[in-house]
Every structure is written in structure tokens, then in C-alpha cells.
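In: I'd like to go over a predicted model; first the sequence, then the structure.
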Amino acid sequence: MIEEGKKAPSFSLPDQDGNIRALKDYLGKKVVLYFYPKDNTPGCTTEACSFRDEFFIFKKVNAVILGISADAIKSHKNFSEKFSLPFPLLSDELKKMIESYGVWKEKSMYGKKYMGIERTTVIIDENGKIKKIFPKVKVNGHTQEVLEALK
């Protein structure tokens, strides 16, 4: 499990264009990792578009945004293009990063239990340490919450 104040687990995953993105590439910048369940679903689209709409503010505070789900690269590519997302979406089909960050959890819908990504945002500071964890994110107003935590 990850904890605030501890070193963030490293990762190296392909983005929607097949480029490999690694945590070590972002040393010296603040990193906003937002884990979301599925491309092109209502909550995930609202969340992605909210980060898109505030992207320039994140850039001003030296923060990069990385979206992560277990969807395939092609799905991420379509999602990113459809909504003009200006930040990378990382594909973790093997769920190694998702599990290392502790967001692969048992969920329940209509009484049926299944495993899935719990919508979570993690802020990593310029030195690679976890600054803030937002578990069980509620999409509305979340982007503002994250921006406040970056100040």
C-alpha cells in the first residue's frame, strides 16, 4: 500500500501513442496520477474533460497529469482523440502499476462483486514522494481539490 510521505512506486507504461512513460522521467515536476475505471464511460469522461479544461493551470504550477486505467493503448488513443485530451493516458493491461498503487479493489454493483479500479488520484512531489492521496474520488469538483493540494 502507498502512503503519503513515502516514495512513490516506480512505473514504466505505454501511453496512448505507444511511448513509454516512466515516473523517473518526471523528477523535478509535480505528478498528478489519476486512476480511472474505463475509457468512454460517463464518470471517467467527465473527470478527463475536467482535467483537460484546467490543463493550463496545472502546467503553470509545474504539474503533469497522467491518466491510468487497464484499457488497451488503442482504447486510450480513441478516448484521447475524441475528447482532445492534452495529457498522456497510460495503459496498464497487466495491472502491475494499478496493484502497486493499491487501487485494484473489490467493487460491487447491483449486489454483484467484481474486481476493478477504485477511482483514485495520487499527487507525487518533485522528489518522487507521495504528497497526497485522494481515495474514492467523487468526480464533480475533484480537479479543484487537486489544484488546491498542489499549492
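Out: Done, it's in.
In: the residue lying closest to S69 once chain neighbours are set aside: neighbouring residues, count only.
Out: Residue nearest to S69 in three dimensions, not counting chain neighbours: Y36, with 5.3 Å by Cβ to Cβ, 6 or more residues apart in numbering. Placement of C-beta: from N, CA and C, glycine included. Using other Cβ atoms under 10 Å, Y36 is surrounded by 25 other residues.
In: do the one 5 residues further on as well
Out: A count of neighbours around T41, defined by other Cβ under 10 Å, yields 13.
In: now L85: closest residue in space that isn't a chain neighbour?
Out: Computed as Cβ to Cβ, 6+ apart, the closest residue to L85 that is not its neighbour in sequence is R52, at 5.3 Å.
In: using the three-state scheme, assign the one you found.
Out: R52 falls in the helix class when you classify it by DSSP: H, G, I helix; E, B strand; the rest coil.
In: what about it, distance to L23?
Out: Going from R52 to L23 by Cβ to Cβ, to the nearest Å gives 22 Å.
In: ok, now which ones touch T41?
Out: By Cβ atoms under 8 Å, 6 or more residues apart in numbering, the contact set of T41 is empty.
In: from L85, how far off is it?
Out: 15 Å.
In: okay, the residue nearest to L85: pLDDT?
Out: The model reports R52 with a pLDDT of 96.
In: T41 now?
Out: pLDDT for T41: 91.
In: where does the closest residue to Y101 other than its chain neighbours fall, secondary structure wise?
Out: Computed as Cβ to Cβ, 6+ apart, the closest residue to Y101 that is not its neighbour in sequence is I2, at 5.5 Å. Using DSSP states H and E, I2 sits in no helix or strand.
In: again, but for D71
Out: Applying DSSP H and E, one finds D71 in no helix or strand.
In: follow-up on the earlier one: burial count for the residue nearest to Y101?
Out: Close neighbours of I2, defined as other Cβ under 10 Å, add up to 16.
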